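**Student:** The following block contains a protein sequence and its predicted model.
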Amino acid sequence: MARVVIMGAGVAGHTAALYLKKQLGKAHDVIVVTPNSQWNWIPSNIWVGVGKMQQKQVLFALAPLYKRKGIEYHQALARVLRPEGDGDDATPSIEIEYTDPKRKGETARLHYDYLVNATGPKLNFNATPGLGPDQDGGTVSVCTADHATHAASALAEAIAKMKAGERQTLVIGTGHGTCTCEGAAFEYVFNVEHEVREAGVRDLAEIIYFTNEYELGDFGVGGMLFNQKGFQTTSKMWTESLFRERGVRPIVRAHPHRIEDGIIHYETLDGAHHELPFDFAMLLPPFRGADLVAYDREGNDISDRLFAANGMMKVDADYAPKAYEEWKAADWPKTYRSPHYDNIWAPGIAFAPPHPISVPHTSPNGTVITPAPPRTGMPAGIMGKIVADTITDRIKNPGRPDHEASMAAMGSACIASAGTGLTTGSAASMTMYPTVPDHEKYPDNNGRHRSFTSGEIGLAGHWIKALLHFGFIYKMKARPFWWLIPE
Ligand SMILES: Cc1cc2nc3c(=O)[nH]c(=O)nc-3n(C[C@H](O)[C@H](O)[C@H](O)COP(=O)(O)OP(=O)(O)OC[C@H]3O[C@@H](n4cnc5c(N)ncnc54)[C@H](O)[C@@H]3O)c2cc1C
């Protein structure tokens with residue numbers, strides 16, 4: 001009997017767990033370690049963050065689902081990896097610390113034959129003093145369901161003040177020069193603008209999109225050339241036009257270095273320093289890897305070998321430092337397997353990208369102001385699935401090659417949908433293929449396929465987003481025939 005341990009039940013880890021159990025059956029153990037009792041469909045936190053959805057609509061309990069599926073579940077944080085075992089015991093293991101209220105603080109050791117590190121991002125609010133709901137600068141976040149609920153009540157307060165005739169400055173964007181997930185900030189600004197308009201107070205709101213992107217439409221993927229009904233446009237022009245239409249003022253190339261008493265202190269790429277007072281601000285944190293440490297069998301710290309400086313796990317990517325002009329699609333990982341341990345994988349946000357996708361920029365003061373590469377839900381799900389397939393083959397069909405899914409051969413979609421009604425919503429939808437541009441394959445379209453890279457506005461995108469919400473939650477709840485719904 002093989003033991004597969006999965007650290008993290010988000011998009012990648014939960015997908016891997018469900019497929020592993022389906023493919024391995026009762027003959028092998030699938031064990032999940034994750035700190036939360038509930039699974040969260042994070043993309044719909046945006047709707048929770050404007051009060052259009054309740055927390056309970058984006059969350060479901062993991063324990064009953066794992067019990068039904070025969071997956072062993074530990075509500076705990078993984079802390080330590082011992083990939084070579086320890087002392088006299090050569091069996092690889094991890095050490096965990098329970099967050100389950102009944103066992104809080106207790107520790108345990110879990111042995112494994114195969115390990116999946118799907119711990120996603122650590123929300124690194126502390127990178128910017130004052131940033132986030134747990135510091136005192138006054139900004140909110142929509143990264144978790146709790147954060148989003150808090151953001152919704154802060155937004156409702158701002159709307160109430162406007163209804164009482166008070167002008168409000170609403171800032172939405174990135175809380176550090178190296179943030180990723182600009183698509184989420186873009187979607188949230190779109191939703192906030194919609195809410196304020198619906199509340200009849202649009203004229204009293206100054207809405208600012210505040211970003212580390214070099215120009216609008218970069219989205220951490222270096223921008224896109226869109227095919228729109230036979231015409232070409234850039235994601236920059238497309239986003240600029242959307243913002244102009246909705247009266248959203250952009251501030252680009254910005255790195256907030258401190259948030260204090262309702263003021264964002266920030267530096268721009270030209271090295272200048274500025275202050276931006278706000279009444280409501282939703283600023284995303286930068287991401288880093290989970291706080292994991294690793295030891296070899298003798299007890300020496302080998303964390304540097306397994307993890308990059310940002311705490312994300314090194315996998316089968318080319319991490320050799322290179323100039324931007326030398327970046328290649330082939331630098332990106334395909335199997336997400338650790339180069340050091342043949343039985344460890346890191347799908348989703350947990351893997352260390354080899355380099356950004358956007359052109360890197362540094363201010364004259366040495367501040368890096370460059371979006372980190374996004375790894376959205378669809379790629380995270382696909383990576384979780386192929387890692388499950390690889391492990392299944394290792395156990396049932398040894399000798400087969402690892403399954404592959406490079407972000408340079410995988411598309412992404414971002415749907416910024418506002419409103420939740422079937423007839424009243426609207427959406428700005430982008431698709432790109434591949435996510436990591438391949439300039440050798442698509443030299444004349446900025447590294448992407450001409451027909452599969454597009455930007456559209458309209459109600460249809462809104463329906464797709466709503467469908468994704470219900471479809472993914474259905475799949476993740478492992479309802480009948482869940483596996484027929486693609487990642
Ligand atoms: C506000 C917001 C909106 C978004 N909107 C979209 C969208 O519209 N479309 C889209 O495709 N993507 C969207 N994304 C991105 C999407 O949510 C991520 O791509 C996806 O969640 C990444 O999956 P993951 O499994 O790598 O990480 P996660 O889903 O974050 O899962 C990581 C899991 O690991 C757990 N964990 C952390 N540390 C440990 C530890 N030490 N031990 C054990 N477990 C641990 C976490 O609790 C979590 O359960 C959005 C993201 C945000 C923040």
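**Tutor:** Looks like it arrived, so ask away.
**Student:** Which residues of the stretch 351-487 of the chain lie near the ligand?
**Tutor:** The stretch 351-487 of the chain comes close to the ligand at residues 375-378, 380, as judged by CB under 6 Å from any ligand atom. Bear in mind the C-beta positions are built from the backbone N, C-alpha and C, glycine included.
**Student:** Name the nearest of those relative to Arg109.
**Tutor:** Nearest to Arg109 among these: Ala380, at 27.7 Å, using CB to CB.
**Student:** Spit out the contact partners of the closest one.
**Tutor:** Listed by CB atoms under 8 Å, 6 or more residues apart in numbering, the contact partners of Ala380 are 10-12, 15, 120, 347-349.
**Student:** for Leu62, same thing?
**Tutor:** Here Leu62 is in contact with 9, 32, 34, 36-39, 73, 75 (CB under 8 Å, 6+ apart).
**Student:** Try it again at 7 Å.
**Tutor:** 9, 37-39, 73 (CB atoms under 7 Å, 6 or more residues apart in numbering).
**Student:** next one: Ile391
**Tutor:** Counting by CB under 7 Å, 6+ apart, Ile391 makes contact with 4, 20, 114.
**Student:** Filter the residues you listed down to the ones in helices?
**Tutor:** Within the contacts of Ile391, membership in helices is found for Leu20, as judged by DSSP state H.
**Student:** What residues does the stretch 151-300 of the chain have near the ligand?
**Tutor:** 181, 184, 290.
**Student:** So which bits of the helix or strand in which the second one is found are buried?
**Tutor:** Pointing back at Ala184 there. Taking DSSP states H and E as the definition, Ala184 sits inside helix 182-198. The neighbour-count check on helix 182-198 (16 or more other CB atoms under 10 Å) flags 182-197 as buried.
**Student:** Identify the farthest-apart pair in these.
**Tutor:** So, the buried residues of helix 182-198 by CB to CB: farthest apart are Glu182 and Arg197, at 22.4 Å.
**Student:** pLDDT weak spots in the chain?
**Tutor:** Along the chain, the model assigns pLDDT under 70 to residues 418-422, 424-425.
**Student:** What is the longest strand of it by residue count?
**Tutor:** If you go by DSSP state E, the chain has its longest strand at strand 72-82.
**Student:** That one - contacts with which helices or strands?
**Tutor:** Packed against strand 72-82 by the contact rule (3 or more CB pairs under 7 Å, 6 or more residues apart in numbering; DSSP states H and E) you find strand 29-34, helix 62-69, strand 93-98.
**Student:** and of those, who's closest to Gly51?
**Tutor:** Closest to Gly51 of the helices and strands packed on strand 72-82, according to CB to CB: helix 62-69, at 25.9 Å.
**Student:** Render the CA-only coordinates of the closest one in PDB, please.
**Tutor:** Output in PDB follows, covering the C-alpha atoms of helix 62-69 (Å, rounded to 0.1, in the frame of the first residue of the first chain):
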ATOM      1  CA  LEU A  62     -13.900  19.500   3.800                       C
ATOM      2  CA  ALA A  63     -14.300  16.900   6.600                       C
ATOM      3  CA  PRO A  64     -17.600  15.300   5.400                       C
ATOM      4  CA  LEU A  65     -16.400  15.200   1.800                       C
ATOM      5  CA  TYR A  66     -13.100  13.600   2.700                       C
ATOM      6  CA  LYS A  67     -14.900  11.100   4.900                       C
ATOM      7  CA  ARG A  68     -17.300  10.200   2.100                       C
ATOM      8  CA  LYS A  69     -14.400   9.800  -0.300                       C
END
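**Student:** Next, the buried residues of it.
**Tutor:** 62, 65-66.
**Student:** Need the residues that contact stretch 350-358.
**Tutor:** 8, 117-120, 214, 218, 220-222, 289, 308, 310, 312-315, 317-319, 327, 331-333, 336, 370-373, 436.
**Student:** Take those and keep only those in strands.
**Tutor:** Going by DSSP E, the strands hold Asn117 from the contacts of stretch 350-358.
**Student:** Which among the contacts of stretch 350-358 count as buried?
**Tutor:** Burial by neighbour count, 16+ other CB under 10 Å: within the contacts of stretch 350-358 this picks out 8, 117-120, 214, 218, 220-222, 289, 308, 310, 312-315, 317, 327, 331-333, 336, 370-373, 436.
**Student:** Cross-check the contact I'm expecting between Val387 and Pro347.
**Tutor:** Yes - counting by CB atoms under 7 Å, Pro347 is a contact partner of Val387 at 4.8 Å.
**Student:** neighbour-wise, which of these two wins?
**Tutor:** Neighbour tally, Val387 and Pro347, criterion other CB atoms under 10 Å: the higher count belongs to Pro347, 35 against 32.
**Student:** Is that one in contact with Tyr336, as I believe?
**Tutor:** Yes - applying CB under 7 Å, one finds Pro347 in contact with Tyr336, separated by 4.9 Å.
**Student:** Common neighbours of the two, please.
**Tutor:** Common neighbours of Pro347 and Tyr336 are listed as 383, 387 (criterion: CB under 7 Å, 6+ apart).
**Student:** Contacts for stretch 125-137 next, please.
**Tutor:** 139-141, 147, 150, 175-176, 256-260, 283, 285-286.
**Student:** Among these, the buried ones, what's the ChimeraX command?
**Tutor:** To isolate the buried subset of the contacts of stretch 125-137 in ChimeraX, counting by 16+ other CB under 10 Å, use the following:
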select :139,140,141,147,150,175,176,256,257,259,283,285,286
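**Student:** Filter the contacts of stretch 125-137 down to just the ones in strands.
**Tutor:** Judged by DSSP E, strands contain the following of the contacts of stretch 125-137: 256-260, 283.
**Student:** Just give me the closest of the residues you listed to Ile485.
**Tutor:** For the ones in strands among the contacts of stretch 125-137, the nearest to Ile485 is Leu283 (33.2 Å; CB to CB).
**Student:** residues near the single nearest residue of the chain relative to the ligand, how many?
**Tutor:** Residue nearest to the ligand within the chain: Gly10 (1.6 Å; CB to the nearest ligand atom). Using other CB under 10 Å, the number of residues around Gly10 comes to 23.
**Student:** Now it: closest residue in space, sequence neighbours ignored.
**Tutor:** Closest residue to Gly10 apart from its sequence neighbours, by CB to CB, 6 or more residues apart in numbering: Gly120 at 4.7 Å.
**Student:** looking at it, that neighbour is touching Gly8, isn't it?
**Tutor:** Yes - here Gly120 reaches Gly8: they are 5.7 Å apart, a contact under CB under 7 Å.
**Student:** Now do the shared contacts for Val387 and Pro347.
**Tutor:** By CB under 7 Å, 6+ apart, the residues touching both Val387 and Pro347 are 16, 116, 336.
**Student:** Turn those residues into a markdown table, columns for distance to Pro360.
**Tutor:** Shown next, in a markdown table, are those (distance: CB to CB, whole Å):
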| residue | distance to Pro360 |
| --- | --- |
| Ala16 | 32 |
| Val116 | 30 |
| Tyr336 | 24 |
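**Student:** Please report the distance of the residue lying farthest from the centre of the chain from Glu298.
**Tutor:** With CA atoms, centre = their mean as the measure, the chain has its most outlying C-alpha, relative to the mean C-alpha position, at Asp88: 39.4 Å. Taking CB to CB, to the nearest Å as the measure, Asp88 falls 12 Å from Glu298.
**Student:** I am finished for the moment; much appreciated.
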